[in-house]
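S.K.: Structure of the sequence below:
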Amino acid sequence: MGGSRVQVNKPHKSRFSSKSSRNIHKVSQKDKNRFAKSDRNVTKGARAARLQRSKMLREQKRAALLKEKRASSGSGSPPRVILLFPLSTSVNVSSLAEDLLRLLSTERTGALSSTVASSEYKLRATVLQAPHGDLLSCMELAKVADLIAFVASATEESTCDYIDSFGSQCLSVFRSLGLPSTCVLIRDLPTELKGRNDAKKICSSSLTSEFPEDCKFYPADTKDDLHKFMWLFKEQRLTTPHWRNQRPYLMAQKVDVVPDDSGPEKCTLLLAGYTRAHSLSVNQLVHVSGAGDFQLSKIEIIKDPIPLNARKVHDAMDSDDNQDVEVIRSIAPDPLKQEPLLVENVPDPLAGEQTWPTEAEMAEADRNQKQKKLRKRTLPRGTSEYQAAWIIDETDEEDSDAKDDGDDDDGMVLDEGESSFPSQEGTNNLDFDEDQASLYLRDSDEETENDSMMMDGENLTREQIEDEIKKIREAHAEDEEFPDEVDTPLDVPARKRFAQYRGVKSFRTSLWDPKESLPPEYARIFAFDNFARTRKHVIAKSLEMEQESRDDCVPAGSYARLYIKEVPLDVASKLCVVSRTASIILCGLLQHESKMSVLHFSIRKHDSYDAPIKAKEEFIFHVGFRQFVARPIFSTDNINSDKHKMERFLQAGRFSIASIYAPICFPPLPLIVLKGAGEACTPMVAAVGSVRSIDPDRIILKKIILTGYPQRVSKLKATVRYMFHNPEDVRWFKPVEVWTKCGRRGRIKEPVGTHGAMKCIFNGGLQQHDTVCMSLYKRAYPKWPEHGFPLLNA
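M.R.: Numbers count the residues shown, from 1 in each chain. Next up is the predicted model:
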């Protein structure tokens, strides 16, 4: 009772205070004023610093935006490229292009060029028309367009007719390439105001989902409509894909050919146009779209033929009348600084030699050779001396048979190399591959190497082509139903048929040497020690060259004439023909981008392509501004493993990795894969994607599954047949683990009988309807293309 009347005092609040504030009463007032800082001043200083920092960032953004605006719309900037793309066949783009050029040009009569300068809008523009139905031309024009104006007609009966099949296909390709600034121009609107507004609303509401959110819709029937559109276009901040701003490029307005002193089959190609995005150096390599990579012999900076100033227009007209071009500056390459045109590595055949034969060994080899010549052998008629060296005597055959029998007893070694063949990178493996391909025509292993090489369309009739396509479709359906399953041939021993394959204990954790038994093509390619570091260094070097304003560079926005040396004469003539109907694009290459390596792309099958895409078929790869022919192999992308499983077909609905031999391309770059349907037909879009990496050491394993069926089952033991057809094959593959489709795992104990049956032990009871499988792997490589670039194959 008494405890309730005990006095309770308020607790001291020092537990929330700091140590310095608890000891402040021990400091004198004089020292306190000297050392202590005012909280008000601290708060005021922090706020001022924060305001100053935000003001500085705001000024930097404003300055960067002003610099970008001056660079894109100033007198020193190149003309803006407007691409008019019709969404359907009913749209008349030529009349719209003529109306725009009449609006911008001061000339009211006569023929107009595609590039005009307007003193009223203080703008230079190039108006291009996309040919409806020509996919290649539309793609090339979209790569250089600053604004893609999609033109729709309001007179369509239904909303689905605004975009036809070709328009939707091109739109999906443009999205994969990366869309620049876009807008939609609506033509053929009614004249009365109410019907005009209703038609515009219907058209815009049906097309909004197909375009980006910032895409604007403009009527484009009258001159006032076009005037409003051009005024807004002049003030618009244009956006371009990031990959276009990493390399200089030029859209050729004039193409010419000059004879070259290097040879009768070579010439100098002249391309004239405005340089864009970055400064172009005369010492760097260039890529002409579809033709290949070349060096420059000279660059001439020419007086702008279409200046923004009206007075300069008359000067340019006078100079045109005199057929004289005023060259402001001529730039020649420096032989010490010019990038060499190195495509393939030249291998040294003696690079792998470790010793040099002595004189005694060479004399002994000569004596042996003379003894062989003295020995008389019965040879077939017409056999040369070189062929006779490969004919084996009976004694040699007996020795080789004895060695083969000894090897069969040893069996196949798990997780090791191909024990029956030397691990050389020379011609031994190549000879073995050719022999196997010629002897064992029933090999399902060669389905991606031989069957994919379809015969040329010139030598095939229509029925043969249809039969070939039918076979590919049947193989694709079988691969989906029974993936990787292969039948063991009856007439060839499995240890010889599958000699290049090996068993792997764990696909994820087992070791596989990436430098083992490489094909001869790997001696012709280049590899990076550290790809990420090299890419960072190359891009930094390109930006440094842009900022230095060197004498060997042509500034962006200049009108220049490029002299491209050592161009094949037939390629140059084809480019001249193509330039009449489409634009020729030239882009500057970064360092190392002309050298061959193994490129990997993240790829997805296009929705409009329904035919099966088989590995190692020939495709045209459009990577950024560049084009080349390649024969890819497809594989999965395993995140938690350094090994990736090869796919015989590109599966629809998901991404895969495509690996090819091709010139180096530093990412990020978009990818469009085209499949040619013949000389008369236009190519079709087969797949889209982007550059993933450059790595020759990426391990891609081809998997096959040998299947057998239980004959007798006794608890954990079972007798399996039809996987092999002789007991030697069973002994050879004995170390490899077997598994069943119902989830059991086991091993081979011993062969049974003389027809390839074997006794197996499993980790659980086996069911009679189960299937016994064995997984074997070998490393797969892409095919080297026969033609590097599309124009060389045309």
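S.K.: quick one: contacts for the residue nearest to Pro333 when sequence neighbours are not counted?
M.R.: Closest residue to Pro333 apart from its sequence neighbours, by Cβ to Cβ, 6 or more residues apart in numbering: Val282 at 4.7 Å. C-beta: built from backbone N, CA, C; applies to glycine. For Val282, the contacting residues are 296, 298-299, 331-333, 338, 552-554, by Cβ atoms under 8 Å, 6 or more residues apart in numbering.
S.K.: And for Phe625?
M.R.: By Cβ under 8 Å, 6+ apart, the contact list for Phe625 reads 143, 247, 249, 287, 289, 585, 587.
S.K.: how close does it sit to Gln60?
M.R.: 32 Å (Cβ to Cβ, to the nearest Å).
S.K.: just Cys742 next, same as before
M.R.: 67 Å.
S.K.: What strands line up against the longest strand along the chain, and which way round?
M.R.: When the chain is parsed with DSSP state E, its longest strand is strand 699-714. Using DSSP bridges, strand 699-714 pairs in its sheet with strand 485-486 (parallel), strand 643-647 (parallel), strand 717-721 (antiparallel), strand 772-779 (antiparallel).
S.K.: that older thread, any idea how far the residue nearest to Pro333 lies from Asp334?
M.R.: Distance, Val282 to Asp334, using Cβ to Cβ: 8 Å.
S.K.: now Lys783
M.R.: The value you get for Lys783 to Asp334, if Cβ to Cβ is used, is 39 Å.
S.K.: neighbour-wise, which of these two wins?
M.R.: Higher neighbour count among Lys783 and Asp334: Lys783, with 20 against 12, using other Cβ atoms under 10 Å.
S.K.: Show the contacting residues for the spatially closest residue to Trp739 that is not a sequence neighbour.
M.R.: Nearest residue to Trp739, sequence neighbours excluded (Cβ to Cβ, 6+ apart): Arg745, at 5.0 Å. Contact analysis of Arg745 by Cβ under 8 Å, 6+ apart lists 737-739, 762-763.
S.K.: Mind picking out the helix or strand in the chain with the poorest mean pLDDT?
M.R.: helix 427-439 (a mean of 40; mean pLDDT, DSSP states H and E).
S.K.: Give the phi and psi angles for the closest residue to Phe789 other than its chain neighbours, as a check.
M.R.: Nearest non-adjacent residue to Phe789, counting by Cβ to Cβ, 6+ apart: Gly292, 4.7 Å away. For Gly292, the backbone dihedrals (degrees, to the nearest 10) come out as phi 130, psi -170.
S.K.: if we take the contacts of Val282, which one ends up nearest to Thr754?
M.R.: Minimum distance to Thr754 across those is 70.5 Å, recorded for Gln338 (Cβ to Cβ).
S.K.: And stretch 79-99, what's buried?
M.R.: Buried residues in stretch 79-99, counted by 16 or more other Cβ atoms under 10 Å: 79-88, 90-91, 93, 96-97, 99.
S.K.: So for the longest strand of the chain, mean pLDDT?
M.R.: Strand 699-714 shows an average pLDDT of 93 in the prediction.
S.K.: can you check stretch 97-109 too?
M.R.: For stretch 97-109, mean pLDDT rounds to 82.
S.K.: residues in contact with that stretch?
M.R.: Residues contacting stretch 97-109 (Cβ under 8 Å, 6+ apart): 82, 84, 112, 114, 116-119, 121, 123, 125, 127-129, 223, 226-227, 230, 310, 313.
S.K.: how about low-confidence regions in the stretch 451-600 of the chain?
M.R.: For the stretch 451-600 of the chain, the stretches flagged by pLDDT under 70 are 451-462, 465-466, 469-470, 473, 478-480.
S.K.: Please, where are all the strands along it?
M.R.: Assigned by DSSP state E, counting those that start in this stretch, the stretch 451-600 of the chain shows strands spanning 485-486, 553-554, 559-568, 585-588, 596-605.
S.K.: between those strands, which gets nearest to Val173?
M.R.: Evaluated over those, closeness to Val173 peaks at strand 596-605, with 12.9 Å, by Cβ to Cβ.
S.K.: can I assume Gly503 is in contact with Phe733?
M.R.: Yes. With contact defined as Cβ atoms under 8 Å, Gly503 counts as touching Phe733 (7.5 Å).
S.K.: So between these two, which is more surrounded?
M.R.: With neighbours defined as other Cβ under 10 Å, Gly503 and Phe733 compare such that Phe733 has more, 24 against 19.
S.K.: Would you map the strands across the stretch 51-200 of the chain?
M.R.: Counting by DSSP E, counting those that start in this stretch, residue ranges of the strands within the stretch 51-200 of the chain are 80-86, 115-118, 123-129, 147-153, 181-187.
S.K.: For those, please prepare JSON lines with the additional fields mean pLDDT and distance to Asp697.
M.R.: Shown next, in JSON lines, are those (pLDDT from 0 to 100; distance: least, Cβ to Cβ, whole Å):
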{"stretch": "strand 80-86", "mean pLDDT": "94", "distance to Asp697": "41"}
{"stretch": "strand 115-118", "mean pLDDT": "88", "distance to Asp697": "48"}
{"stretch": "strand 123-129", "mean pLDDT": "92", "distance to Asp697": "44"}
{"stretch": "strand 147-153", "mean pLDDT": "93", "distance to Asp697": "40"}
{"stretch": "strand 181-187", "mean pLDDT": "93", "distance to Asp697": "41"}
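S.K.: Format these as JSON lines; extra columns: distance to Ala757.
M.R.: Below are the strands of the stretch 51-200 of the chain laid out as JSON lines (distance: least, Cβ to Cβ, whole Å):
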{"stretch": "strand 80-86", "distance to Ala757": "67"}
{"stretch": "strand 115-118", "distance to Ala757": "79"}
{"stretch": "strand 123-129", "distance to Ala757": "72"}
{"stretch": "strand 147-153", "distance to Ala757": "67"}
{"stretch": "strand 181-187", "distance to Ala757": "68"}
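S.K.: What count of nearby residues applies to Ser204?
M.R.: Count around Ser204 with other Cβ under 10 Å applied: 17.
S.K.: Quick one: classify it as helix, strand or coil.
M.R.: Under DSSP: H, G, I helix; E, B strand; the rest coil, the three-state class of Ser204 is helix.
S.K.: cool, Ile761 as well?
M.R.: Counting by three-state DSSP, the backbone at Ile761 sits in strand.
S.K.: Regarding Arg744, what are the backbone dihedral angles?
M.R.: According to degrees, to the nearest 10, Arg744 has phi -90, psi 150.
S.K.: ignore the last one, Ala582
M.R.: phi -140, psi 170.
S.K.: beta partners for Ile302?
M.R.: Legend: beta-bridge partners of Ile302 under DSSP bridges are Val327.
S.K.: so it sits right up against Val554, yeah?
M.R.: No. The criterion here is Cβ under 8 Å, and Ile302 misses it with Val554 at 10.5 Å.
S.K.: re earlier: got the angle between the longest strand of the chain and strand 596-605?
M.R.: Taking axes from the mean of the first three to the mean of the last three Cα atoms, to 10 degrees, strand 699-714 and strand 596-605 form an angle of 60 degrees between their directions.
S.K.: What are the buried residues along strand 699-714?
M.R.: Neighbour counts using 16+ other Cβ under 10 Å place 699-708, 710, 713 of strand 699-714 among the buried residues.
S.K.: Pick out whichever of the contacts of Arg745 sits closest to Phe174.
M.R.: Nearest to Phe174 among the contacts of Arg745 is Trp739, at 47.5 Å by Cβ to Cβ.
S.K.: how near is the residue nearest to Pro333 to Pro735?
M.R.: 62 Å.
S.K.: Who are the contact partners of Ile748?
M.R.: Listed by Cβ under 8 Å, 6+ apart, the contact partners of Ile748 are 730, 733-734, 736, 738, 758-760.
S.K.: if you set the cut-off to 7 Å instead, what comes out?
M.R.: 730, 733-734, 738, 758, 760 (Cβ atoms under 7 Å, 6 or more residues apart in numbering).
S.K.: could the residues you listed be laid out in TSV, adding distance to Arg580?
M.R.: Shown next, in TSV, are the contacts of Ile748 (distance: Cβ to Cβ, whole Å):
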residue	distance to Arg580
Val730	68
Phe733	63
Lys734	68
Val738	65
Met758	70
Cys760	70
